[in-house]
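give me a model of this one.
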Amino acid sequence: MGAQLLVSMVAVFWIGFLGISTPHCAPNCEWDLLGLNFRGFMIAAGLIQVISMVLIVLMRRRRQVRLVPVFGIALTLILCALSAVIAYKAMLFF
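Here you go, the predicted structure:
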């Protein structure tokens, strides 16, 4: 669970820094899309953490409980990659 929390925090910081690192597109960036992308990713990362904790508590007596953080990390990384693509599109880098 600690590794999942660490991955989630790093991913949120990375997406946040993508949103503020706009040196080349300052007059043309889609600022609303960047803000909504960051907020949406923060909410999704938080929900993944909460759902993982609930599933861990509910499945604590089963062997499959060890897979919950792995799936949480994988889902966070997939959403991070998707959010990074959206951020780059909003900064007009593609």
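
what's around residue 30, how many residues?
16 (other C-beta atoms under 10 Å). Backbone N, C-alpha and C define where each C-beta goes, glycine included.

how about the one 4 residues further on?
By other C-beta under 10 Å, 21 other residues sit near residue 34.

go on, the one 5 residues further on?
Neighbourhood size, residue 39 [other C-beta under 10 Å]: 11.

tell me which helix or strand comes right after the one helix or strand it maps to.
Using DSSP states H and E, residue 39 maps to helix 31-58. Moving toward the C-terminus from helix 31-58, the next helix or strand (DSSP H and E) is helix 67-90.

output the contacting helices and strands for that following helix.
The elements that helix 67-90 packs onto, with contact taken as 3 or more C-beta pairs under 8 Å, 6 or more residues apart in numbering; DSSP states H and E, are helix 2-20, helix 31-58.

now mean pLDDT and distance to residue 85 too, for those helices, in JSON lines please.
Below are the helices and strands packed on helix 67-90 laid out as JSON lines (pLDDT from 0 to 100; distance: least, C-beta to C-beta, whole Å):
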{"stretch": "helix 2-20", "mean pLDDT": "90", "distance to residue 85": "10"}
{"stretch": "helix 31-58", "mean pLDDT": "93", "distance to residue 85": "10"}
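
so which of these gets nearest residue 88?
The closest of the helices and strands packed on helix 67-90 to residue 88 is helix 2-20. By C-beta to C-beta, the value is 7.5 Å.

and residue 29, its phi and psi?
phi -70, psi 150 (degrees, to the nearest 10).

and it, how many residues sit next to it?
Applying other C-beta under 10 Å, we find 17 residues neighbouring residue 29.

swap in the one 4 residues further on?
Residue 33 sits with 15 neighbouring residues when counted by other C-beta under 10 Å.

go on, residue 88?
There are 12 residues near residue 88, going by other C-beta under 10 Å.

thank you, goodbye.
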